[in-house]
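Visitor: Kindly generate the corresponding structure for this input.
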Amino acid sequence: MMKIKIKKAVQLILILFISAGLSWFICTFNTKLDKISILNDDIIINLLCGLLALSIAVITLIYTLLEKIKEKMPDNSNIDKIINRLFGTLKKDTWAVFVFLIIVVLVIFFRDTDIPNLQWSNTFPFSKLNFVYFTKLFVIFLSLSAVADIILTLFSLLTALSKSAK
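Guide: Next up, the predicted model:
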């Protein structure tokens, strides 16, 4: 159990570093970030809303299927533990996509807000616009990672169900 938690923590840290590194690399070496259409406000919000809807649809689909399958299966607490753990993963990933959507909305909302007595160029080593682009890219990469985890969880759940049906 402890090995699984350590493995998941290492995976999370690795995903965070890779996402941050890719975002930093793109923001540093791409001089035409404003031309990348996926970074437009309406497109990124639509993308995140679509990913959130997909996550919720997958959970709903699985939940309705599980109820029907559980009616036909004998009681098996081992399968129930696996299913509960996988649903926990789905829940965390869906919440993550929702939080990412909120972060992007807040970044967009506060992008043009100037805080008195805070000069962005003197306080931070990068421009405010680069920070906005970095945050958007970082959120996109993390959201795609969460959706990939949802897909892997879906396949794991289907595998567990197929084994229990035999």
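
Visitor: now the helix ranked longest in the chain, how far from the centre of its chain.
Guide: If you go by DSSP state H, the chain has its longest helix at helix 128-165. Relative to its chain's centre, helix 128-165 lies at 5 Å (Cα atoms, centre = their mean, to the nearest Å).

Visitor: Likewise for stretch 22-30?
Guide: 20 Å.

Visitor: Repeat that for stretch 39-49.
Guide: For stretch 39-49, the distance to the chain centre is 14 Å (Cα atoms, centre = their mean).

Visitor: same deal with stretch 80-92?
Guide: Centre-to-centre, stretch 80-92 and its host chain are 16 Å apart (Cα atoms, centre = their mean).

Visitor: how about that stretch: buried residues?
Guide: 82, 83, 86, 87, 89, 90 (16 or more other Cβ atoms under 10 Å). The C-beta positions use only the backbone N, C-alpha and C, and glycine is treated the same way.

Visitor: The first one contacts residue 160, doesn't it?
Guide: Yes - in this structure, residue 82 is within contact of residue 160 by Cβ atoms under 8 Å, at 4.8 Å.

Visitor: tell me the mean pLDDT over the one helix or strand residue 93 maps to?
Guide: Using DSSP states H and E, residue 93 maps to helix 77-110. Across helix 77-110, the average pLDDT comes to 86.

Visitor: name the helices or strands packed onto that helix?
Guide: helix 41-72, helix 128-165 (3 or more Cβ pairs under 8 Å, 6 or more residues apart in numbering; DSSP states H and E).

Visitor: of all those helices, which lies closest to residue 101?
Guide: helix 41-72 (4.3 Å; Cβ to Cβ).

Visitor: Between helix 77-110 and that closest one, find me the angle.
Guide: 170 degrees (axes from the mean of the first three to the mean of the last three Cα atoms, to 10 degrees).
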